[in-house]
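1. Could you look at this predicted model? Sequence included:
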Amino acid sequence: MLLRPEPLRHAPYADGPPEFAIGLKPIAPEAWLEGGEPDPAARKDPLFAAARPLVWGEAEGSRPGQQEVLELISAVTPVEPRPDLPPLYAAARAVADDLCLMEKRGEAWTLTAVSLSAGSFFTAAEALGRRLDQLHAPVPGFEDRFGPRVQRMFDNLPEPAILERRNWTVVNSGALHAPDIAAIRAEIPAIAPHEAADRLHLRIERQTLRRLPRTGGVLFTIRIWTHPLAALRDSPDHLAAFARAWRAAPEAFRAYKQLALYDALVEAFLRAEGE
């Protein structure tokens, strides 16, 4: 589903060349959920009805944690009472973000319930039941550099804290629901250089983490924005920052995101804009 693009709200490319880092920072409670979508249920409900394994999953025993998520969301935004729905999905219908419930299963933090209506190149069925290390296995350096630190962070996250991180990539689709990146990338050869401004999109992801004080789980939220590269024209500073970040991206990051597929098109766009 395509939505009218929002103004650029986050510009993680402006922080410098992208790299693999945990990058979580504390935010104030009032900054937790940013809103900006008038009726998230209108986008999410059709997917839940027609393609449920792609966008929804829950493990046995996760309902108490789901209920606590519903209470947290209800405390900050109105939630339509829907006792016929799993509590996590009832909460997800009220917010623009996707919601992921991580709970300790033995010694491993495991995804036990997920509403993933804007999944970035994976599905709920693929992710449900996976441990932290399995979910992040494709990320270069996760096992050696980041895995133990992320495990400790989940173990020790204090209840009042809310942490945030942001990242970005470029993809030839403005759809929020994008579970199959191979099908999307198969269309790249048909894009002419002069079309890059409108057919290539920044895909910006904002993530937050917070503890569930009663059940002990961790709620992981994911908010996706998509903007055509043409949106960068509104700000010379944003355009210049993106150009610097694109050209200075480390090889490991470029390989993981497969940015080389877009090099010719992005460079055509940047040259046309004087960068």
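-> That came through, no problem.
2. from here on, contacts and neighbour counts on C-alpha atoms
-> Fine.
3. Show me the contact partners of whatever helix or strand Ala182 lives in.
-> Following DSSP states H and E, one finds Ala182 within helix 181-185. With contacts defined as Cα atoms under 8 Å, 6 or more residues apart in numbering, helix 181-185 is touched by 121, 171-173.
4. and with 7 Å instead?
-> By Cα atoms under 7 Å, 6 or more residues apart in numbering, the residues outside helix 181-185 that reach it are 121, 172-173.
5. next one: stretch 211-228
-> Residues contacting stretch 211-228 (Cα under 7 Å, 6+ apart): 5, 65, 68, 96-104, 118, 157-159, 174, 176, 197-210.
6. Equivalent analysis for stretch 267-275, please.
-> 193, 196-197, 240, 243.
7. Next, count neighbours for Leu209.
-> Leu209 sits with 24 neighbouring residues when counted by other Cα atoms under 10 Å.
8. And it, how far from Asp263?
-> Leu209 sits at a distance of 33 Å from Asp263 (criterion: Cα to Cα, to the nearest Å).
9. So which of the contacts of stretch 211-228 belong to helices?
-> 65, 68, 197-199 (DSSP state H).
10. Name the nearest residue to Glu207, ignoring sequence neighbours.
-> To be clear, residue 207 is Gln; Glu isn't right here. Ile222 (4.6 Å; Cα to Cα, 6 or more residues apart in numbering).
11. Is that neighbour within a helix or a strand, and which one?
-> strand 218-228.
12. Just the buried ones among the contacts of stretch 267-275, please.
-> 196-197, 240, 243 (16 or more other Cα atoms under 10 Å).
13. what angle separates the helix or strand encompassing Met153 from strand 218-228?
-> Following DSSP H and E, the helix or strand that holds Met153 is helix 147-156. Orientation check (axes from the mean of the first three to the mean of the last three Cα atoms, to 10 degrees): helix 147-156 against strand 218-228 gives 120 degrees.
14. how close does the closest residue to Ala11 other than its chain neighbours sit to Ala75?
-> Leaving aside its chain neighbours, Ala11 sits nearest to His238 (7.4 Å; criterion: Cα to Cα, 6+ apart). Using Cα to Cα, His238 is found at 35 Å from Ala75.
15. which of the two has more neighbours?
-> His238 (17 against 10).
16. Surely the more buried one touches Leu232?
-> Yes. At 5.9 Å, His238 counts as touching Leu232 under the criterion of Cα atoms under 7 Å.
17. got the buried residues for the helix or strand hosting Arg271?
-> Assigned by DSSP H and E, Arg271 falls within helix 263-272. Across helix 263-272, burial judged by 16+ other Cα under 10 Å covers 265-270.
18. Could you export these as a markdown table, including pLDDT?
-> Listed next are the buried residues of helix 263-272 as a markdown table, based on pLDDT from 0 to 100:
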| residue | pLDDT |
| --- | --- |
| Leu265 | 98 |
| Val266 | 98 |
| Glu267 | 98 |
| Ala268 | 98 |
| Phe269 | 98 |
| Leu270 | 98 |
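19. Pick out the most distant pair among the residues you listed.
-> Leu265 and Leu270 (8.7 Å; Cα to Cα).
20. Would you map the strands across the stretch 51-200 of the chain?
-> 56-58, 98-105, 108-115, 162-171 (DSSP state E, counting those that start in this stretch).
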